[in-house]
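>>> Sequence first, predicted coordinates after that:
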Amino acid sequence: MPGSIRGFALSETVLSPVAEAPVSREESAAISPRRLIWLRFRRHRLAYASGIFLLLLYIVSGFCEFVSPYGTTTRNDDAINAPPMSVHFFDA
């Protein structure tokens, strides 16, 4: 097909699937579903890193009184009708 897109984008070689190691029924039955989920989760790097990040957020949220700069009952009555402002890291 000299003028078609398929002729330029796809090759005609046929790829065979990679054979996986056979797992017997005894081996798969010996591992619990929870263990199978954990093993699959550990192989996925992004999911593993995200899980660690969420775990750290949960730990920090347990100590929110120590991390926050203001108390739970603190209120600024002078700026109660002020519009929302962007975050300023440095006063200019």
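That came through, no problem. Numbers count the residues shown, from 1 in each chain.
>>> make it CA atoms for all contacts and neighbour counts henceforth
Fine.
>>> From the chain's centre, how far out is the lengthiest helix in the chain? Work that out for me.
The helix that spans the most residues within the chain, counting by DSSP state H, is helix 45-62. The chain centroid and the centroid of helix 45-62 are separated by 9 Å under Cα atoms, centre = their mean, to the nearest Å.
>>> what does it contact?
Defining contact as Cα atoms under 8 Å, 6 or more residues apart in numbering, one finds that helix 45-62 is touched by 41, 42, 67.
>>> Take those and lay them out in a markdown table including pLDDT.
Compiled in a markdown table, these are given as follows (pLDDT from 0 to 100):
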| residue | pLDDT |
| --- | --- |
| 41 | 85 |
| 42 | 87 |
| 67 | 74 |
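>>> so which of the residues you listed comes closest to residue 33?
The closest of these to residue 33 turns out to be residue 41 (Cα to Cα; 12.2 Å).
>>> Put together JSON lines for the contacts of helix 45-62, with secondary structure and distance to residue 73 on each row.
Converted to JSON lines, the contacts of helix 45-62 look like this (DSSP: H, G, I helix; E, B strand; the rest coil; distance: Cα to Cα, whole Å):
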{"residue": "41", "secondary structure": "helix", "distance to residue 73": "42"}
{"residue": "42", "secondary structure": "helix", "distance to residue 73": "42"}
{"residue": "67", "secondary structure": "helix", "distance to residue 73": "15"}
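>>> Most neighbours out of these, which is it?
residue 41 (14 neighbours; other Cα atoms under 10 Å).
>>> if I pick that residue, what's in contact with it?
47, 48.
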